[in-house]
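Undergrad: Give me coordinates for this.
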Amino acid sequence: MVTRKIVNINENLCNGCGACIPRCAEGALQLVNGKAKIIADKYCDGLGACLGHCPQGAITVSEREAPEFDEKAVHEHLTKTGHNAPAKPAQPAQPQWPVQLNLVPIEAPFYKDADLLIAADCAPVACPELHTKLLPGKRIVIGCPKFDNAPAYAEKLTEILKRNNDRSITIAHMVVPCCSGLKWMVDKAVQASGKQIPVKRYIIGIGGDINEQ
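TA: Predicted coordinates:
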């Protein structure tokens, strides 16, 4: 047993709609007696890809004692249950194009009530799992704080946040130091917008692993 991040489901809030289940690429969630449950803690990686997909707000991520995440056991479980293909990202209700921060409009319908994923340019390439673990249900904006103008990025993002009703921001960037400018940009923009917008950050390792900060 180790102390680690893991998904928790509030049974009093869960109405058994099952919206969270296809969001779990590891197959850790199932409906049991009309409620969503983690069938085995070792199947849950704790990244919370199911977060934000529960209309009742019954899902949270917290730190507690649990068996270590077992990738081999997950693979065996998915193969056994016939769900060994990775989950597909949710399709946006409205098309979004472009995605590069220099090119995206300041106001657009796809920002309405959006959960934004702001990713470093190279993160989706270095980490294919970003598409199934972090992107589903979100609108994505990409940029490179090293080769582009980070202060200009911050100014544009500030205007986007001011003029639209974005619900949350998820940052995903590589572990290299230059990529941390993405967090500086987001923090600056959120503060300048005058809004209380929750921000989560994930750092992508050189090997493609995703780590929540």
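Undergrad: can you pull out the helices in the protein?
TA: Shown for the chain, the helices assigned by DSSP state H span residues 71-81, 123-126, 130-133, 150-163, 181-193.
Undergrad: Pick out the residue nearest the middle of the chain.
TA: residue 134 (3.0 Å; Cα atoms, centre = their mean).
Undergrad: And that one, how far from residue 211?
TA: Separation of residue 134 from residue 211 (Cβ to Cβ, to the nearest Å): 12 Å. Heads up, the C-betas are built off the backbone N, CA and C, glycines and all.
Undergrad: quick one: common contacting residues for those two?
TA: Overlap between the contact sets of residue 134 and residue 211, as judged by Cβ atoms under 8 Å, 6 or more residues apart in numbering, is given by residue 202.
Undergrad: Run through the protein and note the low-pLDDT ranges.
TA: Low-confidence segments of the chain, defined by pLDDT under 70: 82-95.
Undergrad: where along it do the strands fall?
TA: 2-9, 29-32, 35-38, 59-66, 115-120, 139-143, 168-174, 199-204, 210-212 (DSSP state E).
Undergrad: Just put these in CSV and tack on mean neighbour count and distance to residue 155.
TA: Shown next, in CSV, are the strands of the chain (neighbours: other Cβ atoms under 10 Å; distance: least, Cβ to Cβ, whole Å):
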stretch, mean neighbour count, distance to residue 155
strand 2-9, 16, 34
strand 29-32, 16, 41
strand 35-38, 19, 42
strand 59-66, 14, 32
strand 115-120, 24, 14
strand 139-143, 23, 13
strand 168-174, 22, 16
strand 199-204, 19, 18
strand 210-212, 14, 28
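Undergrad: Thanks a lot, see you next time.
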